[in-house]
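**Student:** Build me a model:
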Amino acid sequence: MAPVNSRAALIAAALEEFTDKGYETATLASIAERAGVTTGAVYAHFRGKLDLFFEAVGIRSVDRVMHGTLADTAAKPSLDAAAVLGRDLARPVAPESLLLLDVLVLARRDPRLATTMRRLMATKLEAWTAAAEAGRAAGAITSDLDAEDIAALLALLAVGKMALAIVQPRPPSAAALMRIGDAMLTGAGDGSGSADPLSAVATEAARAMRARADFEAAVVAASEAGHSLRQVAEAAGVSHEQIRRIVADKRASA
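**Tutor:** So this is what the prediction gives:
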């Protein structure tokens, strides 16, 4: 069996190879050469090029592609569902994730790859649909949109974010994306007519979380625009220390 460290070397080499040449042109032989191992060592760790590709872009296995955080959403308190959806929508696109566009384009010409990508996208859509249904059950999502439509719109925005990142260095702000998410998740409903007071509480709590995310995004944007933390604190009417913590936390999670 190949040494364990050869697996890490192969993943690093694969990321370089796929970035330099694209998925279709990259070869396992070239990846193995970059990693300093034999081609046979690749198959000691991976089923093939596609499996290695998914690992290289940060997806742990083909069976878990695009599953991520939202796979566990149904197990979370239902109040959190809307906030989880909003955070996922606003999360910056990782550079390596852009390589997924190569595979999506190739899937148009490769029926086997297209079948795999459809199955994996279905997993993502199921997770988002479950999150939307959980949020609606709690009253945190009041949109008239069907849960499956919400999931499809989120997928559309996620793929669009990747495509935009290729040609536009400045993506939409986190605050803007959160507002789009809020429009999809709350729609025309405001929860005020709910017969269940707890549902109304859940709705307002979810809104408060989204408002907090908008506020923190605005604080970071003001700081990055060159305003001092003290100026931002005075504009917000909060303490300098609170602003410092927000900026530090956002930078640490970037």
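
**Student:** how about stretch 242-254: buried residues?
**Tutor:** With burial defined by 16 or more other C-beta atoms under 10 Å, the residues of stretch 242-254 counted as buried are Ile243, Arg244, Ile246, Val247, Lys250. C-beta coordinates here come from the backbone N, C-alpha and C atoms, glycine included.

**Student:** model confidence over it, on average?
**Tutor:** Here the mean pLDDT over stretch 242-254 is 81, rounded to a whole number.

**Student:** Over to stretch 45-61?
**Tutor:** 81.

**Student:** same deal with stretch 216-225?
**Tutor:** Computed over stretch 216-225, the mean pLDDT rounds to 85.

**Student:** quick one: what helix or strand has Leu156 in it?
**Tutor:** Assessed by DSSP states H and E, Leu156 sits inside helix 147-167.

**Student:** now do Ser30
**Tutor:** Assigned by DSSP H and E, Ser30 belongs to helix 28-35.

**Student:** Tell me the helices and strands packed up against the next helix or strand after that helix.
**Tutor:** Proceeding N to C from helix 28-35, the next assigned helix or strand is helix 39-45, under DSSP H and E. Counting contacts by 3 or more C-beta pairs under 8 Å, 6 or more residues apart in numbering; DSSP states H and E, helix 39-45 packs against helix 4-21, helix 28-35.

**Student:** Minimum distance to Thr142: which of those has it?
**Tutor:** Across those, the minimum distance to Thr142, taken as C-beta to C-beta, is reached by helix 4-21, at 41.8 Å.

**Student:** Pull out the buried positions in the closest one.
**Tutor:** Going by neighbour count (16+ other C-beta under 10 Å), the buried part of helix 4-21 is Ser6, Arg7, Ala9, Leu10, Ile11, Ala13, Ala14, Leu15, Glu17, Phe18, Thr19.

**Student:** Output the residues you listed as a markdown table; include the columns pLDDT and distance to Leu125.
**Tutor:** Formatted as a markdown table, the entries for the buried residues of helix 4-21 read as follows, by pLDDT from 0 to 100; distance: C-beta to C-beta, whole Å:
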| residue | pLDDT | distance to Leu125 |
| --- | --- | --- |
| Ser6 | 86 | 35 |
| Arg7 | 89 | 30 |
| Ala9 | 92 | 34 |
| Leu10 | 94 | 31 |
| Ile11 | 92 | 27 |
| Ala13 | 94 | 32 |
| Ala14 | 93 | 27 |
| Leu15 | 91 | 27 |
| Glu17 | 93 | 30 |
| Phe18 | 92 | 25 |
| Thr19 | 89 | 28 |
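
**Student:** from these, which single one is nearest Thr27?
**Tutor:** Comparing these against Thr27 with C-beta to C-beta picks out Glu17 as the nearest, at 7.9 Å.

**Student:** what's the following helix or strand after the least confident helix or strand in the chain by mean pLDDT?
**Tutor:** Of the helices and strands making up the chain, the lowest-confidence element is helix 81-90, at a mean of 61, by mean pLDDT, DSSP states H and E. Secondary structure here is assigned by DSSP H and E; on that basis, the next helix or strand after helix 81-90 toward the C-terminus is helix 100-106.

**Student:** what sits up against that next one?
**Tutor:** If you take C-beta atoms under 8 Å, 6 or more residues apart in numbering as the criterion, helix 100-106 is touched by 18, 22-24, 50, 53, 57, 113, 117, 159, 162-163, 166.

**Student:** Which one of those is nearest to Ala94?
**Tutor:** Among the contacts of helix 100-106, Val57 lies closest to Ala94 (C-beta to C-beta), at 8.0 Å.

**Student:** neighbours around the closest one, how many?
**Tutor:** Val57 sits with 23 neighbouring residues when counted by other C-beta atoms under 10 Å.

**Student:** ok, it to Gln168 distance?
**Tutor:** Per C-beta to C-beta, to the nearest Å, Val57 is found 21 Å from Gln168.
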